[in-house]
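A.B. asks: Sequence plus the predicted model coming up.
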Amino acid sequence: MPDDDAAARDAAEEASAFSHPPVAPDATAAYGDHPDQVIDFYAPRTPDADAGLAPVVAVLHGGAWRAPYDRHHITPFADFLARHGFVVANIEYRRGSSIPAQTGLNGTPAPTAGRWPETFDDIAAALDALPDLVRAALPQADPRRTVVTGHSAGGHLALWAAARHVLPPDTPWRTSGPAPLRGVVALAPIADFAVAEKLDVCGGAAGQLLGGQSKFTERRPYADPALLLPTGIATTLVQGRSDIVVPQAVAEAYADAAARAGEVVGLTLLEDVGHFPLIDPAADACAVVVEEIAQLAW
């Protein structure tokens, strides 16, 4: 359990990140029939925004794949990226039940995390549809320069989206080759399910995502980024050393797995930074995130 000082700092960082009002998108498009199968688009908000085509950043929000947490909490971060010259695609996807069904952190009831297979169906469909949808919504978008980023559970989904070509061949999500991405920047990602479950990250959310412990071993090869390597796609993880929500050990386990697979993965560790500053426009850590994305996109 985190000590009182760490818990207090985490609460303050979370409050800051969630203190910003939601930012409305410039356009929204559906990639399926379900209400959650939508993408919000943000146009670049820089003075030279009309100077030429802009790279696309696809954003996948976190929230432990649980229904109460949707894309709206990450819209200030999407706007922050747009104010740095990017076209931003804020992707919604189906998540778990909103009804508390399993025990979460500290023994409190928590909504079930994720849906199998719908959560993965949606990420695959959204990324496949993104190039055409973003061109139609924002003509200044250049989908040939796309970076996928995601926070926490969304960081997991970003890593997974870049690894679909190395999925087992019996899955409908597998692609014939690597996704046409400039790279992935995963922010405090739930990137290694074995380590995440050992540390009870988000109240065992990874196990819930896969359908419970009875399905965990069977489904892990289809869902765990640490088992889907190498991808051949430039990947950077940004992690706060003081993160008590998704601890540093989870990111390090993924980086170690990548190294064993012969792939170099960037791991940017930020001192005195917890889980939420990575998506908080008021935090210095958020500027570091933008720089990591820019290095891949431009």
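C.D. replies: Nice, thanks for sending it over.
A.B. asks: what's the weakest-modelled helix or strand in the protein?
C.D. replies: Every helix and strand in the chain was compared by mean pLDDT, DSSP states H and E; the lowest is strand 100-103, with a mean of 54.
A.B. asks: which intervals of the protein have sub-threshold pLDDT?
C.D. replies: 1, 49-50, 98-109 (pLDDT under 70).
A.B. asks: Run through the helices of it in chain order.
C.D. replies: When secondary structure is read from DSSP state H, the chain shows helices at 4-17, 75-82, 118-137, 153-161, 193-198, 205-209, 213-223, 248-260, 284-297.
A.B. asks: As a markdown table, those with mean neighbour count would be great.
C.D. replies: No exception for glycine: its C-beta is placed from N, CA and C like everyone else's. As requested, these are exported to a markdown table (neighbours: other Cβ atoms under 10 Å):
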| stretch | mean neighbour count |
| --- | --- |
| helix 4-17 | 14 |
| helix 75-82 | 24 |
| helix 118-137 | 20 |
| helix 153-161 | 30 |
| helix 193-198 | 20 |
| helix 205-209 | 28 |
| helix 213-223 | 15 |
| helix 248-260 | 20 |
| helix 284-297 | 19 |
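A.B. asks: what's the closest of the ones you listed to Pro25?
C.D. replies: Distances from Pro25 to each of the helices of the chain were compared by Cβ to Cβ, and the smallest falls on helix 75-82, at 7.5 Å.
A.B. asks: just checking, what packs against the closest one?
C.D. replies: For helix 75-82, the elements it packs on are strand 38-42, strand 54-60, strand 87-91, helix 284-297, judged by 3 or more Cβ pairs under 8 Å, 6 or more residues apart in numbering; DSSP states H and E.
A.B. asks: contacting residues around Thr235?
C.D. replies: Taking Cβ atoms under 8 Å, 6 or more residues apart in numbering as the definition of contact, the neighbours of Thr235 are Leu159, Ala162, Gly183, Val184, Val185, Ala186, Ala258, Glu263, Val265, Gly266.
A.B. asks: of those residues, closest to Asp70?
C.D. replies: Taking these together and measuring to Asp70 by Cβ to Cβ, the closest member is Ala186, at 19.7 Å.
A.B. asks: one step back: got the helices and strands packed on helix 75-82 as JSON lines, with distance to Ala78 columns?
C.D. replies: What follows is the helices and strands packed on helix 75-82, written out as JSON lines (distance: least, Cβ to Cβ, whole Å):
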{"stretch": "strand 38-42", "distance to Ala78": "5"}
{"stretch": "strand 54-60", "distance to Ala78": "5"}
{"stretch": "strand 87-91", "distance to Ala78": "5"}
{"stretch": "helix 284-297", "distance to Ala78": "12"}
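A.B. asks: Ok, which of these comes nearest Arg220?
C.D. replies: strand 54-60 (19.8 Å).
A.B. asks: what's the neighbour count on Asp48?
C.D. replies: Using other Cβ atoms under 10 Å as the criterion, Asp48 is surrounded by 9 other residues.
A.B. asks: ok, for it, nearest residue in space, not its chain neighbours?
C.D. replies: Excluding the flanking residues, the one nearest Asp48 by Cβ to Cβ, 6 or more residues apart in numbering is Gly85, at 7.7 Å.
A.B. asks: What distance do you get for that neighbour to Gln140?
C.D. replies: Computed as Cβ to Cβ, to the nearest Å, the Gly85 to Gln140 distance reads 10 Å.
A.B. asks: who's more crowded, these two?
C.D. replies: Residue environment comparison for Gly85 versus Gln140 gives the larger neighbour count to Gly85, 19 against 15, counting by other Cβ under 10 Å.
A.B. asks: Check the contact between that one and Pro44; I expect there is one.
C.D. replies: Yes: taking Cβ atoms under 8 Å as the contact criterion, Gly85 and Pro44 are neighbours in contact, 5.0 Å apart.
A.B. asks: Identify the contacts common to the two.
C.D. replies: The contact lists of Gly85 and Pro44 share Ala54, where a contact means Cβ under 8 Å, 6+ apart.
A.B. asks: rewinding a little: possible to save the helices of the chain as CSV with distance to Tyr69?
C.D. replies: What follows is the helices of the chain, written out as CSV (distance: least, Cβ to Cβ, whole Å):
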stretch, distance to Tyr69
helix 4-17, 12
helix 75-82, 13
helix 118-137, 13
helix 153-161, 8
helix 193-198, 17
helix 205-209, 11
helix 213-223, 19
helix 248-260, 19
helix 284-297, 19
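A.B. asks: Looking at those helices, which is nearest to Gly232?
C.D. replies: Once these are compared by Cβ to Cβ, helix 248-260 is nearest, at 11.1 Å.
A.B. asks: Check which helices and strands that closest one sits against.
C.D. replies: helix 193-198, strand 235-240, strand 266-270.
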